[in-house]
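Enquirer: could you work out the structure for the sequence below:
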Amino acid sequence: MSTLDVARADLALVVLYLNKAEARDKICRAIQYGSKYLSNGEPGTAQNVDKSTSLARKVFRLFKFVNDLHALISPTPAGTPLPLVLLGKSKNALLSTFLFLDQIVWLGRTGIYKNKEQADVIGRISLFCWMGSSICTTLVELGELGRLSASMKKIEKHLKKDDKYQNEEYRAKLKKSNERSLALIKAGMDIVVAVGLLQLAPKKVNPRVTGAFGFVSSLISCYQLLPSPPKSKAS
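Expert: The predicted model follows:
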């Protein structure tokens, strides 16, 4: 491939990535929390960027609660333990509630919904829902990682002295384990962000800490949404 062909392929991946509404939302989220870190809660340009980006993101999420509502009523994969099923469904229910209530918060911030005090209460409830969904996600990922670890050990026993990394099934499970480990780290960070936004521990989780954790969590989300590069054809 020529340099121009490589550039075209790379740009095609960038276009594919930016065409995702979810990817644009996470990029805005990184800007939002990066600004929160820089402002440290003090008035100024960084805080203005934080607030304006936060409001813009709410438009991206309009009617997004339907996604988790659909996941809530969808069947779970066969063989999933009941505790993990219940945690997964709880996560979907809490996240769907958060996204639905967040629309009312947006209506309040734009002035369409006039009752500011009630909008603030709804906003706080929505953040508790998001924190709850992040806790459920953390527990689900821990449980799934335990299941993956057990199945990988079984494969290792069958392979004996053979190179486990040459086994396709083992490599697939290892990749899944890495993905879930990353999701676990992100969920843990989101819990800290929720604690900061709710001001449950203002001395320990101040705006700078909230911004730092939110920024890293956003970068992880951006990475998770990266499209897979096309496989090169054998000549």
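Enquirer: so where do the helices sit in this protein?
Expert: Counting by DSSP state H, the chain has helices at residues 3-18, 21-39, 45-60, 65-73, 82-110, 116-159, 168-198, 207-224.
Enquirer: export these to JSON lines and append columns for mean pLDDT.
Expert: Formatted as JSON lines, the helices of the chain follow (pLDDT from 0 to 100):
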{"stretch": "helix 3-18", "mean pLDDT": "82"}
{"stretch": "helix 21-39", "mean pLDDT": "93"}
{"stretch": "helix 45-60", "mean pLDDT": "91"}
{"stretch": "helix 65-73", "mean pLDDT": "92"}
{"stretch": "helix 82-110", "mean pLDDT": "94"}
{"stretch": "helix 116-159", "mean pLDDT": "93"}
{"stretch": "helix 168-198", "mean pLDDT": "95"}
{"stretch": "helix 207-224", "mean pLDDT": "96"}
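Enquirer: need these in TSV with mean neighbour count, can you?
Expert: Glycine gets a C-beta too; all of them are placed from N, C-alpha and C. Output for the helices of the chain, formatted as TSV (neighbours: other C-beta atoms under 10 Å):
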stretch	mean neighbour count
helix 3-18	11
helix 21-39	20
helix 45-60	16
helix 65-73	15
helix 82-110	19
helix 116-159	16
helix 168-198	17
helix 207-224	20
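Enquirer: tell me, what residue is most central in the chain?
Expert: Per C-alpha atoms, centre = their mean, the C-alpha nearest to the average position across the chain is that of residue 221, at 5.2 Å.
Enquirer: quick one, what contacts the residue nearest to that one when sequence neighbours are not counted?
Expert: Once flanking residues are discounted, residue 221 sits nearest to residue 26: 4.2 Å by C-beta to C-beta, 6 or more residues apart in numbering. Neighbouring residues of residue 26 by C-beta atoms under 8 Å, 6 or more residues apart in numbering: 218, 221-222, 225.
Enquirer: what's near enough to touch the residue nearest to residue 29 when sequence neighbours are not counted?
Expert: Spatial nearest neighbour of residue 29, excluding adjacent residues (C-beta to C-beta, 6+ apart): residue 218 at 4.2 Å. Residue 218 makes contact with 26-27, 29-30, 32-33, according to C-beta under 8 Å, 6+ apart.
Enquirer: check residue 89 too.
Expert: By C-beta under 8 Å, 6+ apart, residue 89 lies in contact with 72, 76.
Enquirer: that one and residue 197, how far apart?
Expert: Residue 89 is 25 Å from residue 197, where distance means C-beta to C-beta, to the nearest Å.
Enquirer: relative to residue 18, how far out is residue 25?
Expert: Plainly put, residue 25 is 11 Å away from residue 18 if you go by C-beta to C-beta.
Enquirer: one step back: turn the contacts of residue 26 into CSV, including distance to residue 145.
Expert: Output for the contacts of residue 26, formatted as CSV (distance: C-beta to C-beta, whole Å):
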residue, distance to residue 145
218, 23
221, 19
222, 22
225, 21
